[in-house]
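Novice: Need coordinates for the following:
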Amino acid sequence: MSSQPVQSASRLASDADTAVAQSAAQRYLQLALLVLAAGAIYPILYLRQVYQPTMLEVFHITDSQLGYLYSALGLIFLLSYLPSGWLADRIAPRVLICFSLIATGALGLLYSTAPPFVVLCMIFGGWGLTTGLTFWAAVIKRVTMIAGAHEQGRFFGFLDGGRGLIEAMLATVAITLFAWATHAHSESTAAAFRLVVYLYAFLCIGLGVLLGLVKDAPSVANASRAPREHRNVLTDLKTLAAIPELWLLSAIVFCGYQVFWATYSFSAYLHQDGIGLSVVMAGTITTLKLWMRPIGGIGGGFLGDRFSKVSVLVIALFLAALSLVGLIAAPGIPGHAPLVALVLFIGVLTYAIRGLYWSLLDRCNVPAETTGLAIGLVSVLGYSPDVFLPLINGYLTQTYPGVFGYQLYFGYVAAVAAIGGFAGLALRNMLNRKESRQ
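Specialist: Numbers count the residues shown, from 1 in each chain. Next up, the predicted model:
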């Protein structure tokens, strides 16, 4: 008789351990699907990075018309960030993500028919909504929901690093498919491009269906079923505006995102006369930098969870500032090996920053019912460099041609990165003071 309670307690403990293990497995499976979703949904919008000449030929449009399509897309993104967060607080993120994937893929199938320019405008407008309004805040909030309190760093690191890895792998498969169709089977470029679009479109649709079928972990399912009260958006915004940590997070994202933007100019800078790398060599180095994304994102996330997310982020921002100053001195660096190492190191730091800054959201004392709105608010402020940074870059490189224009640009971004580091220090001190009072 006396052994039965012991056996029962042991059985209960075993059942609890099994439930925890199953919950963890479910959450990591959902994270893997979110990484696939984030890695698959955006490349179809930005095929111009690889296929711009083909797109101009297939759609019978000019460079200026293509620029108009992407300008409109960027504007819709900027306008969508805040309502995207509001929507993620009212509709389950899982539902929004599934809809976004399926709708983006369906628009991709229409895109593959090479429609006229007016229809292209509608497709890009639709993509702005399906990847901005219904997807962005939903996927950030979803990761926040499935990650445990001590897993935020690694989960967001996996999201950004894994997303970059998926994008690189898909791009490799797509260009291989394009080459196979045009060279091995003598297909037209239009037919080959259609196959590339099919690859991304059907993958999005398939992932949307699959994500809808995967069962939620119990904690996430309970959170999704929690009753949602009718709230006043202006009141919620006023509440969020009164949270100083959220403003500091916005400053960190604002500064860190500009470091990422600076990497877009590395190839052009390395090809300038003062440095003298060939187009192929400069392109190869910057392509290698893309493969630093999983290393920086995932590695930074694990370091953040192991030590301190804020501290690791601060160190990465200050190191990025110093590294950009080092890049300014590139014309005086003997040999190419140190330059390659410096570019790759900046790549690791950039993706560590991107992988970490959203993991700080759970420490900003944001009410759970306004998490999505907070994501939208931080996104509007943090990603605003999309609007003005290309103008700064264009002005400096045109007004001061050659190496000097890029050096001024990198100097500006280095200063901004340092400001982000000081914002991180301020956030860390604020959080430490609050924790010491508790």
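Novice: how about the helices of the stretch 1-150 of the chain, start to end?
Specialist: 3-41, 48-59, 63-88, 93-111, 117-128, 136-146 (DSSP state H, counting those that start in this stretch).
Novice: Give me the below-cutoff pLDDT ranges for the protein.
Specialist: 1-22, 49, 215-231, 279-280, 283, 287, 438 (pLDDT under 70).
Novice: quick check: domain ranges of it?
Specialist: Following automatic domain parsing, the chain resolves into domains at 20-227, 229-438.
Novice: okay, those domains in a markdown table with mean neighbour count next?
Specialist: Just so you know, the C-beta spots here come from the backbone N, C-alpha and C atoms, and that holds for glycine as well. As requested, the domains of the chain are exported to a markdown table (neighbours: other C-beta atoms under 10 Å):
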| stretch | mean neighbour count |
| --- | --- |
| domain 20-227 | 18 |
| domain 229-438 | 19 |
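Novice: quick revisit: any idea which of the helices of the stretch 1-150 of the chain gets closest to residue 291?
Specialist: helix 3-41 (13.9 Å; C-beta to C-beta).
Novice: before we move on, back to that, mind putting the helices of the stretch 1-150 of the chain in a markdown table, distance to residue 351 included?
Specialist: Output for the helices of the stretch 1-150 of the chain, formatted as a markdown table (distance: least, C-beta to C-beta, whole Å):
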| stretch | distance to residue 351 |
| --- | --- |
| helix 3-41 | 14 |
| helix 48-59 | 18 |
| helix 63-88 | 21 |
| helix 93-111 | 23 |
| helix 117-128 | 25 |
| helix 136-146 | 16 |
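Novice: Relative to residue 411, which of the ones you listed is closest?
Specialist: Of these, nearest to residue 411 by C-beta to C-beta is helix 63-88, at 25.5 Å.
Novice: distance between that closest one and the chain's centre?
Specialist: 15 Å (C-alpha atoms, centre = their mean, to the nearest Å).
Novice: That helix vs helix 117-128, what angle?
Specialist: Put simply, helix 63-88 runs at 30 degrees to helix 117-128, going by axes from the mean of the first three to the mean of the last three C-alpha atoms, to 10 degrees.
Novice: what residue is smack in the middle of the protein?
Specialist: When C-alpha atoms, centre = their mean is applied to the chain, the residue found nearest the centroid is residue 160 (5.4 Å).
Novice: wait, doesn't it sit right on residue 355?
Specialist: Yes. Using C-beta atoms under 8 Å, residue 160 is in contact with residue 355, at 4.1 Å.
Novice: ok, now which ones touch residue 377?
Specialist: Residue 377 makes contact with 81, 82, 85, 237, 240, 246, 250, according to C-beta atoms under 8 Å, 6 or more residues apart in numbering.
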